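Engineer: Show me how the following folds:
(chains A and B)
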Amino acid sequence: MGLEAKFMNEGFLTSTVDALVAWARESSVWPMPMGISCCAIEMIATAGPKYDIARFGSEVMRFTPRQCDVLLVAGTVTYKMAHVVKKIYDQMPEPKWVIAMGVCASTGGVYRSYPVVQGIDTFLPVDVYVAGCPPRPENLLNGLMMIQEKIKKTKAREFQNIPMLEPVKINGN
Amino acid sequence: MEIRERIEALLAEAFPEVKFEYTDFRGDLRVLFSKEHVIPVCKFLRDNEELAFSMCEDITAIDWARQPNRFSVVYHIYSLKNKYRLRLACDVEEHEAKIDTVTSVWKSANWYERETWDMYGINFEGHPDLRRMYMAEEFEYFPLRKEYPMIGIPGDQPLPKK
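Structural biologist: Numbers count the residues shown, from 1 in each chain, chains lettered A, B, ... in the order given. So this is what the prediction gives:
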């Protein structure tokens, strides 16, 4: 079938731990679907059979942040919702990444008004901004591939001092 | 006799001391009157068997950005019997931004009045639960008032720490 068929005897590969771990990570980036307005429809289309996010190993949309690697903020974030988004981000285990999908999440977009946060980078560390209103599924896949490129460059030692799961504060305790 | 003429006649008959101003905009009737009479007039319009305005569709306000009569509280009511929509309006002053609640007349007024309080800061006196509806509880301003800037006031709504 593939490379292994070429070996006449038992074969082996040499690699680094960093490369192996990064390859495993980038091949199964599980998204946390934060579909909070119309961008969610395009996000759903991306997961559907036509665009098929499964080709990139990201088909497992978990509705619990504790099993997710990338926070996919798809929509307009209001000031009230910002606290919810941050709480979900805090519950995701390290290492984690953030995609700001669409102009609303990236800059506030057309909603240049008092209830809308003018870009989620005011309270979250955003890795990739996906342009569009809403972005087409190809564009979201491109953003996901950029996250994969970013993960590919990570070293295992970069995460050594980060706890696997940050303690979540409930009611300030 | 047309329904709007009946409204004018019946209101004049029932409230001889109240001054009603009628305006027509593209076939829709608007009745302006003093805010002290809001509960009796609303009760009458609901309970009168001929008019039967049984449904309160919306309550909102207008900030005219003028003195006096800065705000108007507007009631959109509907008569299922006559298939007729009517707007009631009462002027409210800025220094005394309050009006009696009509939750005793139409129960649906509860949330509409909460919304109007949230956005314009008009106090509906006697309301059972006058809390903010859209904005956070600790928010200090009334965003649809004309003096509130479109983009908001920096720091008036807290963001989570980065």
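
Engineer: Kindly indicate whether the closest residue to A:Thr76 other than its chain neighbours is helix, strand or coil.
Structural biologist: Taking CB to CB, 6 or more residues apart in numbering or on different chains as the measure, A:Thr76 lies nearest to A:Cys104, with 4.0 Å between them; neighbours along the chain are not counted. Quick note: C-beta positions are derived from backbone N, CA and C, even for glycine. Following DSSP: H, G, I helix; E, B strand; the rest coil, we place A:Cys104 in the helix state.

Engineer: and A:Cys104, what is it in contact with?
Structural biologist: Listed by CB atoms under 8 Å, 6 or more residues apart in numbering or on different chains, the contact set of A:Cys104 reads A:Ser37, A:Cys39, A:Gly75, A:Thr76, A:Val77, A:Val110, A:Tyr111, A:Val116, A:Cys133.

Engineer: right, and the fifth one touches A:Val85 too?
Structural biologist: Meaning A:Val77. Yes - taking contacts as CB atoms under 8 Å, A:Val77 lies within contact range of A:Val85: 5.9 Å.

Engineer: if I look at these two, which residues touch both of them?
Structural biologist: Both A:Val77 and A:Val85 are contacted by A:Ile36, A:Ile120, under the criterion CB under 8 Å, 6+ apart.

Engineer: Pick out whichever of the two has more residues nearby.
Structural biologist: Set side by side, A:Val77 and A:Val85 show unequal neighbour counts under other CB atoms under 10 Å in any protein chain shown, the larger going to A:Val77 at 29 against 23.

Engineer: Tell me how far that one lies from A:Tyr51.
Structural biologist: Using CB to CB, to the nearest Å, one obtains 24 Å as the distance from A:Val77 to A:Tyr51.

Engineer: go on, B:Leu45?
Structural biologist: As it turns out, when the distance is counted by CB to CB, B:Leu45 lies 56 Å from A:Tyr51.

Engineer: swap in B:Cys42?
Structural biologist: Counting by CB to CB, the gap from B:Cys42 to A:Tyr51 is 55 Å.

Engineer: How about A:Lys80?
Structural biologist: From A:Lys80 across to A:Tyr51, the span is 32 Å (CB to CB).

Engineer: repeat for A:Ala105
Structural biologist: Remark: distance between A:Ala105 and A:Tyr51 (CB to CB) = 20 Å.

Engineer: So A:Met61 is in contact with A:Met34, correct?
Structural biologist: No - A:Met61 is not in contact with A:Met34 according to CB under 8 Å; the separation is 10.4 Å.

Engineer: which one of those two has more residues nearby?
Structural biologist: For A:Met61 and A:Met34, the more surrounded residue by other CB under 10 Å is A:Met34, and the numbers stand at 26 against 16.
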